[in-house]
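Undergrad: model the structure of this input:
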Amino acid sequence: MPTTTLASTNVELNDEGFFVHPEQWNEEMAPELARQEGIDELTEGHWKVIRFMRDEFLAKGAGPSVRMLAKTSGISIKELYQLFPKGPAKIAAKIAGIPKPRGCI
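TA: Now for the predicted structure:
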């Protein structure tokens, strides 16, 4: 498994770039991860989704799908795609340092 340095911390990633050990993640890493996904600046909307994804993962052991994310986060699917154009659940999970949600390609 590849390792990389984010916010001065070595972390282990899987072949798709998701954290192998989500507990290694911290908020200082998120802007670097976002830039790797083509998101130059994290807005309050981005942070709301990122924190929601982490909370769901910590509570349930998995991140939500796009549909569930839209239903439970209070952010519409349209807005989710504006924030994370390449795939809201997948990209938000990657930036949040959690495994890829089930159902994401």
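Undergrad: okay, CA-based contacts and neighbour counts for the rest of this
TA: Will do.
Undergrad: now the most centrally placed residue in the chain: which helix or strand?
TA: With distances taken as CA atoms, centre = their mean, the residue of the chain nearest its centroid is residue 93 (2.4 Å). Secondary-structure assignment from DSSP states H and E places residue 93 in helix 88-96.
Undergrad: tell me the secondary structure at the closest residue to residue 21 other than its chain neighbours.
TA: Once flanking residues are discounted, residue 21 sits nearest to residue 12: 6.9 Å by CA to CA, 6 or more residues apart in numbering. Applying DSSP: H, G, I helix; E, B strand; the rest coil to residue 12 yields a three-state assignment of strand.
Undergrad: would you confirm that residue 12 contacts residue 23?
TA: No. Judged on CA atoms under 8 Å, residue 12 makes no contact with residue 23 at a distance of 10.9 Å.
Undergrad: who's more crowded, those two?
TA: residue 12 (18 against 11; other CA atoms under 10 Å).
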